[in-house]
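Colleague: any chance you can model this:
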Amino acid sequence: MVKKLVQINSCLHIILNDEDYVPSTAPHIRDRYNQLSNKEVASKEAYKLVYRQLSKLCRLGLLKKEKCSTISSSIKYRKTTLFDITEFRLKPKMDKAEKTSFNQVSDALSLLRKEIRQSEDDFHASVAESEEYKRLYSLLPSMEGQLETQYLNARERSNKLFGKLTAMKNVIYPCQEVSVLRG
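Modeller: Numbering: from 1, shown residues only. Next up, the predicted model:
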């Protein structure tokens with residue numbers, strides 16, 4: 001099969017090629033574009049640029065529009081398999097400041113992903129610990145005072161971890177329902 005050669009904005013290419021890319025709305029992609037691009041572009045102009053590129057990619061069959069389940073009038077853009085086999089010509093090239101900005105954002109997101117994985121492990125351990133205290137209480141009712149304190153501490157820890165996970169995932173995955181227990 002012959003690979004297509006498609007011209008695309010370099011920042012948009014980076015956003016769409018991110019390993020953790022999830023179907024996103026045009027405003028969300030525009031916001032990511034503004035984060036990566038150090039250019040002072042008005043929000044409306046950035047939206048036009050992003051929307052034109054997304055429309056072009058949809059016409060070429062590289063992206064597919066789908067309705068957002070949470071917002072009735074919102075549309076998300078999902079990559080198709082054709083996207084992965086397409087060759088892109090990036091335009092314009094990123095200058096040094098843009099590359100630095102992208103690397104900083106990319107490094108921060110990598111750090112957040114790592115911290116999310118660690119916090120998820122801690123969260124699951126804390127939930128299991130509180131469940132074990134409940135089980136022990138049913139076996140050893142005479143130790144109610146000590147077990148109840150330990151149980152409440154484990155539950156408080158798991159609630160704090162849940163809040164931490166929700167906040168971190170909201171930073172990484174805006175406009176997406178956060179499911180902490182997703183495996």
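Colleague: where exactly do the strands run in this protein?
Modeller: 5-8, 24-25, 63-67, 75-79, 87-90 (DSSP state E).
Colleague: for Ser104, give its distance to Ser43.
Modeller: Careful, residue 104 is Gln; it's not Ser. Distance, Gln104 to Ser43, by C-beta to C-beta, to the nearest Å: 21 Å. Heads up, the C-betas are built off the backbone N, CA and C, glycines and all.
Colleague: that older thread, single out the most deeply packed of the strands of the chain.
Modeller: Ranked by mean neighbour count under mean count of other C-beta atoms under 10 Å, the strands of the chain are led by strand 24-25, which reaches a mean of 20.
Colleague: which strands or helices does that strand pack on?
Modeller: strand 75-79 (3 or more C-beta pairs under 8 Å, 6 or more residues apart in numbering; DSSP states H and E).
Colleague: residues in contact with the strand it packs on?
Modeller: Outside strand 75-79, the residues within contact range by C-beta atoms under 8 Å, 6 or more residues apart in numbering are 16, 21, 23-26, 29, 54, 57-58, 62-68.
Colleague: hang on, the earlier thing: now for the strands of the chain, which one comes closest to Ser158?
Modeller: Proximity to Ser158, assessed across the strands of the chain by C-beta to C-beta, is greatest for strand 24-25 (30.2 Å).
Colleague: given that closest one, what are its sheet partners and their directions?
Modeller: Within its sheet, strand 24-25 is paired with strand 75-79 (antiparallel), according to DSSP bridges.
Colleague: and the partner strand, average pLDDT?
Modeller: Mean pLDDT, computed over strand 75-79, is 87.
Colleague: ditto for stretch 156-172
Modeller: Computed over stretch 156-172, the average pLDDT equals 89.
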